[in-house]
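Student: A predicted structure for the sequence below; I have some questions about it.
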Amino acid sequence: MTADRRRTSTRATLVKAALTLFRRHGISGTGVEQVCRHAGVSKGVFAHHFPGGKRALVAACLERNGEEFTWLLDEAVAHSGSTTADVVRALFGRYADLMREHGTDVGCPMAAAAVEGRDGIAGPGSPTAAAVAHWRTEVASRYTTLAGNDELLLTALEGALVLARATGDPGVLDRVGDQLASLFADCAGP
């Protein structure tokens, strides 16, 4: 294995470890030492890959989370019916399935970063603002009938994730997805 491949692999391992911990414990509830332990690397290795510290790690995690969101959106489009309502229902259903598979204590790192928002992680020009812009662009470009409704979709999705986590009920995602899908279907007309 080349040095570049090891470097990329180690960085990806750190991001994966951090995402797992951020989803369960939040940004402020997860320290760099925990991430290193979970990834099986030293703090020196962490510093080598993330010279910008935890803020740089959060930015990398939000970027990776955006890639996962894009994949889930593509999957929803590919495996649903042809209507916007079908896509919305499929997207929310996929998130519900993920919570059923991994537990309801799994949240969204983007929501955690936005809520916790310390050290320039949230707000204008922040990694969180960039993540939101990326999600909105992906929604609008991948399913054009959702363009203009991207804020509604993302707000409903993030809210449903928070409620599902708070109540321990992934069915919240299914129900909110169904309700939002019905709204989109009603707006489409006969």
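Tutor: Happy to help now that I have it.
Student: Please count neighbours and contacts with C-alpha atoms only from this point.
Tutor: OK.
Student: moving C-terminal of the longest helix along the chain, what's the next helix or strand?
Tutor: As assigned by DSSP state H, the longest helix anywhere in the chain is helix 53-78. Once the chain leaves helix 53-78, the next helix or strand it forms, by DSSP states H and E, is helix 84-102.
Student: Run the angle between the longest helix of the chain and helix 84-102 for me.
Tutor: Our comparison of helix 53-78 with helix 84-102, counting by axes from the mean of the first three to the mean of the last three Cα atoms, to 10 degrees, yields an angle of 130 degrees.
Student: Could I get the contacting residues of the most centrally placed residue in the chain?
Tutor: When the chain is reduced to its mean C-alpha position, the nearest residue by Cα atoms, centre = their mean turns out to be Asn65, at 4.3 Å. Residues in contact with Asn65 (Cα atoms under 8 Å, 6 or more residues apart in numbering) are 19, 109-110.
Student: Quick check: it vs Asn149, distance?
Tutor: Noted for Asn65: a distance of 21 Å to Asn149, by Cα to Cα, to the nearest Å.
Student: same thing with Ala122?
Tutor: In this structure, Ala122 and Asn149 are separated by 22 Å, where distance is defined by Cα to Cα.
Student: what's the answer for Leu14, then?
Tutor: Computed with Cα to Cα, the distance linking Leu14 and Asn149 is 34 Å.
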